[in-house]
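Novice: need coordinates for the below:
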Amino acid sequence: MPLKNNLFNFVKINNLLNSTKIISNNKKYNTLNVETIHSQNNYMKTPNLKLYGIYYRKPITHFKEEEKKIILKNEIIELLSINLSPQLNLLKNTLDRVCKSKDDWIEVNPYEKISLPNPNLKKPQLKHGLQHCIDKPGLYLMHDPNTKQLNFDYFLSKIPHPDKINKTVLPVFVPSSKDTKLENIAKQNNCNFVASTSSTCSVLSTLYLSLSNFAKPNFTSLPTFSDKFGKRHFMPHVYKPSGVLVTKANVIGLDSLVYQEKNNILSEMGVPIEYMLLTNPDEYKNTILSTSNNNRLEQDSFNYLKSNDFLFRSQIDCFNKSNLDHSFDIKSRASADLRLEVGTGRPRSLKNKPFTSIIGATNSFEKEFFDLIRGTLLKYFFQANIGKMKGVFMVYHDIISIYGFEYLPINEIATHLFGNNATGDYVFNFCIELWQNIIKTICLQTKSSKFRVLIRPARLSLQIVVEEIEDDLINPFTKVGKITRYFVHFELLVNGEKRSLRNIEKDSVVKLFYKILDVTTNDLDAERILYFKMLEQSGIFHKKI
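Specialist: I've put the predicted structure just below:
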């Protein structure tokens with residue numbers, strides 16, 4: 001009896017192959033497990049078929065036993081049925097190529113990372129007595145909880161209404177592929193690739209998820225959530241596929257893969273809130289609030305990090321007044337209710353939703369920090385490291401008022417994410433070097449001068465789809481270019497033992513090996529369906545298929 005010709009009605013497989021030997025060479029995996037598992041990811045609610053590290057979402061349908069048989073013969077998986085669906089053949093083909101590959105594993109060797117001097121670098125500093133928050137890190141409230149008196153300048157307590165902001169003076173983001181200054185610095189320093197933190201951090205986060213085998217964050221510092229919610233993973237959006245837009249010109253630019261910018265009040269107010277901390281009231285009024293001012297604020301505070309032939313651009317928000325060699329990032333954090341309002345597309349009510357307590361499961365600073373760890377802290381970690389910054393300065397608000405400040409040193413961020421500070425160094429070094437190696441390989445194999453790269457994480461592996469394009473604004477659901485699919489597999493050794501990138505002790509001997517395979521088939525329909533599903537999951541392009 002043939003399998004149904006539908007990718008999403010695949011057969012249920014239970015414990016058919018366990019630890020079947022397929023490869024015996026050193027530094028290669030010696031086992032192959034094919035089984036049905038329940039996904040650990042919140043955004044994938046249905047069981048998944050695990051094919052040598054490949055995860056594919058599909059509801060389960062029951063079939064007869066003879067349809068479930070899978071045998072291993074001469075290192076090739078053979079499915080004992082006829083009229084297999086094209087999509088099922090695609091997965092079978094991928095597994096066959098992985099099993100038969102005789103290529104040696106490639107070791108990732110971290111390069112020296114050099115911060116290039118920026119003669120035009122401005123060094124803005126915190127005002128209004130906020131430097132104390134940096135000197136003695138911790139949570140600082142805008143109002144004293146007992147006396148209700150202000151702990152900081154009144155100017156900081158009220159955020160101007162969005163309609164009063166002169167948006168014409170706010171800096172405009174320039175993609176790395178269109179940044180002529182970045183290109184000139186790259187040429188002067190023999191760099192062939194340029195990228196910014198906006199296009200890099202989401203990809204590095206995806207790599208970490210794979211290398212850590214989807215490890216959970218560390219909530220032990222949060223008393224309300226450490227026990228009851230200790231098994232929580234990252235938020236669903238963290239597990240979504242990530243990607244970049246690659247443009248080959250004088251240098252190869254890696255831009256953020258964004259199809260359409262959303263009108264988001266939180267992103268619009270990020271820079272105005274940041275400037276409140278860095279300017280006095282008169283200066284703020286004459287620049288950000290003045291309707292007669294047409295002079296756009298310059299964005300010269302960039303750090304340039306060179307790693308091999310890659311040049312990464314990172315914006316520096318502020319410098320430590322006590323040590324001007326130490327910089328940090330400023331991040332505004334809206335209350336949970338407001339984030340939910342914006343995320344669901346509801347009208348901008350601008351209702352006052354204050355933080356009512358420090359500790360607690362709802363409407364508290366602790367709950368905001370719990371969400372921060374699960375949501376965006378991983379991206380902040382990579383941003384800070386690329387910019388050689390010492391930490392992140394958080395501003396808690398509800399778009400009407402500021403309620404508190406908190407400085408997070410980079411070592412504390414690493415502990416919240418990875419379990420200890422030492423692991424953070426391994427995570428950054430391996431992820432950024434691995435990404436350089438992968439994108440170099442893809443660029444060498446891709447003839448087109450412009451293409452999209454979409455990456456989906458799996459356990460100790462990656463699925464990568466490359467689409468060659470002519471115009472980055474064309475929706476792929478309307479017009480699809482040539483598609484190439486890659487499979488990347490990892491092996492991480494910690495002191496000689498196979499491990500994932502999690503809770504690694506200082507001075508451990510850690511080695512990372514990878515293998516990247518072109519697993520594209522001639523079945524264009526199957527390749528496009530898989531690509532469309534990755535796009536749909538990523539949220540970059542919005543259209544149901």
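Novice: okay, and Y514 sits in which element?
Specialist: Counting by DSSP states H and E, the element that carries Y514 is strand 510-518.
Novice: and that strand, what's buried?
Specialist: By neighbour count on 16 or more other C-beta atoms under 10 Å, the buried set for strand 510-518 is 510-517. From N, CA and C alone the C-beta is placed, and that goes for glycine too.
Novice: element containing the spatially most central residue of the chain?
Specialist: Most central in the chain under C-alpha atoms, centre = their mean is S202, positioned 2.4 Å from the mean C-alpha point. Remark: S202 resides in helix 197-211, with elements defined by DSSP H and E.
Novice: list the contacts for the closest residue to the residue nearest to the centre of the chain other than its chain neighbours?
Specialist: Distances taken as C-beta to C-beta, 6 or more residues apart in numbering place S242 nearest to S202, at 4.1 Å, with adjacent residues excluded. S242 sits next to 202-203, 205-206, 257, 454-455, 538 when contact means C-beta atoms under 8 Å, 6 or more residues apart in numbering.
Novice: now render the residues you listed as JSON lines, adding pLDDT.
Specialist: Listed next are the contacts of S242 as JSON lines, based on pLDDT from 0 to 100:
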{"residue": "S202", "pLDDT": "95"}
{"residue": "V203", "pLDDT": "97"}
{"residue": "S205", "pLDDT": "97"}
{"residue": "T206", "pLDDT": "97"}
{"residue": "L257", "pLDDT": "84"}
{"residue": "L454", "pLDDT": "95"}
{"residue": "I455", "pLDDT": "96"}
{"residue": "S538", "pLDDT": "86"}
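Novice: show me which of those are buried.
Specialist: Counted by 16+ other C-beta under 10 Å, the contacts of S242 give 202-203, 205-206, 257, 454-455, 538 as buried.
Novice: list the buried residues for the helix ranked longest in the chain?
Specialist: Across the chain, the longest stretch assigned as helix under DSSP state H is helix 421-445. Residues of helix 421-445 classed as buried by neighbour count (16+ other C-beta under 10 Å): 422-443.
Novice: next one: that helix to chain centre, how far?
Specialist: Offset of helix 421-445 from its chain centre (C-alpha atoms, centre = their mean, to the nearest Å): 13 Å.
Novice: now do the following helix or strand past that helix: which elements does it pack against?
Specialist: Once the chain leaves helix 421-445, the next helix or strand it forms, by DSSP H and E, is strand 450-458. Applying 3 or more C-beta pairs under 8 Å, 6 or more residues apart in numbering; DSSP states H and E, one finds that strand 450-458 makes contact with helix 197-211, strand 242-248, strand 461-468, helix 524-538.
Novice: try 10 Å this time
Specialist: Packing partners of strand 450-458 (3 or more C-beta pairs under 10 Å, 6 or more residues apart in numbering; DSSP states H and E): strand 48-51, strand 54-57, helix 197-211, strand 242-248, helix 421-445, strand 461-468, strand 483-494, helix 524-538.
Novice: just checking: what are the partner strands of it?
Specialist: Note on strand 450-458: by DSSP bridges, its sheet partners are strand 242-248 (antiparallel), strand 461-468 (antiparallel).
Novice: in contact with D255, which residues?
Specialist: D255 sits next to 175-179, 194-196, 198-199, 244-247, 472 when contact means C-beta atoms under 10 Å, 6 or more residues apart in numbering.
Novice: please pick the buried ones from those.
Specialist: 175-177, 179, 194-196, 198-199, 244-247, 472.
Novice: nearest to M142 among the residues you listed?
Specialist: Closest approach to M142 among these (C-beta to C-beta): S198, at 29.6 Å.
Novice: just the pLDDT for the closest one.
Specialist: Note for S198: predicted pLDDT of 92.
Novice: then F430?
Specialist: So F430 comes in at 96 (pLDDT).
Novice: isn't it right up against V510?
Specialist: Yes - taking C-beta atoms under 10 Å as the definition, F430 is a contact partner of V510 at 7.6 Å.
Novice: quick one: common contacting residues for these two?
Specialist: 108, 492, 501.
Novice: just for this protein, where's the confidence low?
Specialist: For the chain, residues meeting the criterion pLDDT under 70 lie at 1-103, 227-231, 258-263, 300, 343-354, 472-474, 477, 541-545.
Novice: ok, now with 50
Specialist: Flagging of the chain using pLDDT under 50 yields the residue ranges 1-87, 260-261, 345-347, 352, 543-545.
Novice: mind listing the helices for it?
Specialist: According to DSSP H, the helices that the chain contains are 86-100, 131-135, 180-188, 197-211, 265-268, 270-278, 281-287, 336-343, 365-375, 377-386, 410-418, 421-445, 524-538.
Novice: can you redo the ones you listed as a markdown table with distance to Y486?
Specialist: What follows is the helices of the chain, written out as a markdown table (distance: least, C-beta to C-beta, whole Å):
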| stretch | distance to Y486 |
| --- | --- |
| helix 86-100 | 10 |
| helix 131-135 | 44 |
| helix 180-188 | 26 |
| helix 197-211 | 13 |
| helix 265-268 | 32 |
| helix 270-278 | 35 |
| helix 281-287 | 47 |
| helix 336-343 | 32 |
| helix 365-375 | 29 |
| helix 377-386 | 22 |
| helix 410-418 | 27 |
| helix 421-445 | 7 |
| helix 524-538 | 12 |
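Novice: out of the ones you listed, the one nearest G496 is which?
Specialist: helix 421-445 (15.6 Å).
Novice: contact partners of stretch 277-289?
Specialist: Here stretch 277-289 has contacts from 124-128, 130, 152-156, 160, 164-167, 169-170, 271-272, 275-276, 290, 292-293, 295, 297, 317-318, 330, 332, 393, 395, 402, 405, using C-beta under 10 Å, 6+ apart.
Novice: and with 7 Å instead?
Specialist: For stretch 277-289, the surrounding residues in contact (C-beta atoms under 7 Å, 6 or more residues apart in numbering) are 124, 126-127, 130, 155, 160, 164-166, 169, 272, 275-276, 293, 297, 318, 330.
Novice: go ahead and name everything in contact with stretch 370-386.
Specialist: 197, 200-202, 204-205, 208, 217, 219, 222, 225, 232, 234-235, 238, 305, 312, 314, 329, 331, 333, 336, 391-392, 410, 413-414, 416-417, 424, 428.
Novice: list the buried residues for it?
Specialist: So, applying 16+ other C-beta under 10 Å, buried residues of stretch 370-386: 370-386.
Novice: could you do stretch 208-226 as well?
Specialist: 208-219, 222, 224-225.
Novice: quick check: end-to-end length of that stretch?
Specialist: End-to-end distance of stretch 208-226 (C-alpha to C-alpha, to the nearest Å): 22 Å.
Novice: report the distance from it to the chain centre.
Specialist: Here stretch 208-226 shows a centroid-to-chain-centroid distance of 15 Å under the convention C-alpha atoms, centre = their mean.
Novice: for T362, which of the strands paired with strand 450-458 is the nearest?
Specialist: So among the strands paired with strand 450-458, strand 242-248 is nearest, using C-beta to C-beta, at 30.8 Å.
Novice: please state the offset of that closest one from the chain centre?
Specialist: Its chain's C-alpha centre and that of strand 242-248 lie 14 Å apart, by C-alpha atoms, centre = their mean.
Novice: repeat that for stretch 172-191.
Specialist: On C-alpha atoms, centre = their mean, the centre of stretch 172-191 falls 22 Å from the chain's centre.
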